[in-house]
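Chemist: next input, structure requested:
(one chain, ligands or ions: 1)
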Amino acid sequence: SITLKHGAHRLGKRTDKQMQTWRNYGLGQFIHWGVYAIPGGHWEGKYYPGAAEWIRSWKEMPKEAYDNLYKQFNPEKFNARGWAKQAKEMGAKYVIITTKHHDGFCLWPSKYTDYTIAKSPYKKDIIGQLVDAYDAEGIDVYLYFSIIDWNHPGYRSSLKTEADRKEYEDFKTFTRNQLVELLERYPSTKGLWFDGSWDKAWIEQAEFADELGRELREMIPGLIIGSRFRADENGNRHFDTNGDMMGDYEQGWERKIPETIEDIHGNDWDCVMTIPENQWGYHSDWKGHVKTSNELIEMLVKSVSLDGNFVLNFGPDGEGNIRPEETKLAAEIGAWMDVNKEVVYGCGYLDWKKQDWGYYTVNRETGKKYMVVFNMPVSGALRVKVPDNTRPDKAYLLEQPESDITIEEIHRNEYFVHYKPMTPVKKPFVIVIETTESD
Ligand SMILES: C[C@@H]1N[C@@H](C#Cc2ccccc2)[C@H](O)[C@@H]1O
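Modeler: All right, here's what the predicted structure looks like:
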């Protein structure tokens with residue numbers, strides 16, 4: 001490997017208590033909210049086919065019109081406590097909230113720009129209300145921050161001229177000031193989720209970004225920042241020139257999930273996921289496939305089974321309502337988590353061979369092993385292959401600890417766990433499997 005000044009500053013996982021807490025969340029909630037929720041994917045009767053939070057970039061959207069939407073932003077129905085309660089009932093252990101998306105509109109009263117909630121009819125600090133409400137529910141708060149800021153005069157996607165460079169210096173100072181301001185205003189923040197850091201202009205700022213990261217981490221000990229924040233001095237993002245991850249966890253899994261444990265290269269990671277195909281901000285007309293709770297629970301369990309966190313996105317509407325489809329899914333996921341949360345919280349990868357019926361998770365502290373079943377075989381025989389020196393002794397339904405499920409040895413280190421559900425299986429279910437390990 002080569003010597004880098006601004007590459008990864010740590011090899012391997014962080015082992016401090018803040019990161020252990022992060023690693024054990026399992027389930028998080030993403031909230032994308034801003035003035036883009038007002039048009040909700042439409043403008044003057046036309047349907048915007050892109051992601052609703054990107055509508056400003058649509059050729060049919062006059063920039064002037066978009067940039068004045070904030071003068072209408074007055075979400076009467078906004079109820080931070082209600083959102084936090086719903087997230088608690090869903091089983092989210094942390095929340096990531098957009099403070100400022102690519103459009104540059106600030107949901108907190110930043111003193112570094114007038115393009116903020118303070119200048120809207122609503123006036124009040126949305127981020128502050130959400131931080132307090134989620135803290136009160138015991139849900140850890142992380143702040144999403146977009147480096148891209150289409151509203152700031154000094155923002156550039158690339159630096160072509162000396163004038164660009166001069167302007168961009170102001171933008172860098174503005175960016176740093178806003179981030180320091182956010183951590184000063186909301187010191188209970190556990191981490192920053194950066195986005196919009198793919199521009200050439202920002203990628204060239206390896207030294208500045210590295211120093212900024214250091215400054216932010218000094219403000220809040222244990223602060224957690226993912227791999228999307230900065231590039232190394234050779235322009236490499238997420239992984240530096242030596243292939244080492246920069247940041248505390250990998251943020252490359254946006255709307256996708258790794259297939260195998262090899263895909264995660266031993267790093268912590270999160271998957272951030274939309275309910276429709278690709279809408280983060282509120283779009284009033286979701287087209288295409290909308291995921292069911294069974295699909296989302298499978299994504300959650302698959303993520304946990306591969307040592308990751310699953311963060312499900314909610315896009316409240318322009319009045320501050322959580323839409324009915326999201327409310328329904330939150331309730332269905334919450335009902336499943338009420339019964340099965342122990343296969344998610346504090347759990348991770350079990351190095352047993354993956355089987356078709358579903359996923360294994362194991363509690364990192366107790367070693368308790370779970371079979372989370374999504375695909376019941378017609379035979380009712382769930383194949384289990386164990387490592388050498390491991391003998392399965394007992395299996396029972398998590399929901400019915402007194403149930404005694406037959407384990408049949410069929411080959412060396414290979415068993416059938418025989419289970420015939422009494423009623424048709426409508427939701428994933430969990431079998432606990434107890435083993436004896438011999439040296
Ligand atoms: C977390 C998500 N990242 C943002 C994006 C993007 C994007 C932009 C260009 C090409 C592919 C993806 C989305 O707007 C949302 O905030």
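Chemist: quickly find the element holding K394.
Modeler: Taking DSSP states H and E as the criterion, K394 maps to strand 390-397.
Chemist: could you check how far the residue nearest to R217 when sequence neighbours are not counted is from G191?
Modeler: Closest residue to R217 apart from its sequence neighbours, by CB to CB, 6 or more residues apart in numbering: L223 at 5.0 Å. For the C-beta atoms, the positions are set from N, CA and C on the backbone; glycine is no exception. Using CB to CB, to the nearest Å, L223 is found at 6 Å from G191.
Chemist: more neighbours: these two, which one.
Modeler: It is G191, of L223 and G191, that has more neighbours when counted by other CB atoms under 10 Å, with 23 against 18.
Chemist: per-residue confidence for the more buried one?
Modeler: According to the per-residue confidence, G191 scores 99 in pLDDT.
Chemist: do I have it right that it meets R217?
Modeler: No - taking contacts as CB atoms under 8 Å, G191 lies outside contact range of R217: 10.2 Å.
Chemist: list the residues that contact both of the two?
Modeler: 223, 225 (CB atoms under 8 Å, 6 or more residues apart in numbering).
Chemist: what's near enough to touch whichever residue of the stretch 151-300 of the chain sits closest to the ligand?
Modeler: When scored by CB to the nearest ligand atom, the stretch 151-300 of the chain has W280 as its residue closest to the ligand, at 4.1 Å. Going by CB under 8 Å, 6+ apart, W280 touches 30, 32, 51-53, 274, 313, 315.
Chemist: can you do 10 Å?
Modeler: Residues in contact with W280 (CB atoms under 10 Å, 6 or more residues apart in numbering) are 30-33, 36, 51-54, 98, 101, 144, 195, 254-255, 272, 274, 313-315.
Chemist: so what's Y186 up against?
Modeler: 97, 99, 108, 125, 127-128, 130-132, 135, 141, 143, 220.
Chemist: what's the answer for E414, then?
Modeler: Going by CB under 10 Å, 6+ apart, E414 touches 353, 383-386, 408.
Chemist: what does the stretch 101-250 of the chain put close to the ligand?
Modeler: Proximity of the stretch 101-250 of the chain to the ligand (CB under 6 Å from any ligand atom) is limited to residues D195.
Chemist: can you give me the strands for the stretch 101-250 of the chain?
Modeler: Chain-ordered strands for the stretch 101-250 of the chain, with DSSP state E, counting those that start in this stretch as the definition, fall at 140-146, 191-195, 224-225, 250-254.
Chemist: given the longest one, what are its sheet partners and their directions?
Modeler: Looking at strand 140-146 with DSSP bridges, its partner strands are strand 94-100 (parallel), strand 191-195 (parallel).
Chemist: so which of those is the most packed in?
Modeler: With neighbours defined as mean count of other CB atoms under 10 Å, the strands paired with strand 140-146 peak in mean count at strand 94-100, which reaches a mean of 25.
Chemist: please save the CA atoms from that strand in PDB.
Modeler: Taking Å, rounded to 0.1, in the frame of the first residue of the first chain, the C-alpha atoms of strand 94-100 are listed here in PDB:
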ATOM      1  CA  TYR A  94     -32.100   5.500  15.100                       C
ATOM      2  CA  VAL A  95     -33.200   8.100  12.700                       C
ATOM      3  CA  ILE A  96     -31.400  10.000  10.000                       C
ATOM      4  CA  ILE A  97     -33.100  13.400   9.300                       C
ATOM      5  CA  THR A  98     -32.400  15.600   6.300                       C
ATOM      6  CA  THR A  99     -31.200  19.000   7.600                       C
ATOM      7  CA  LYS A 100     -30.500  20.300   4.100                       C
END
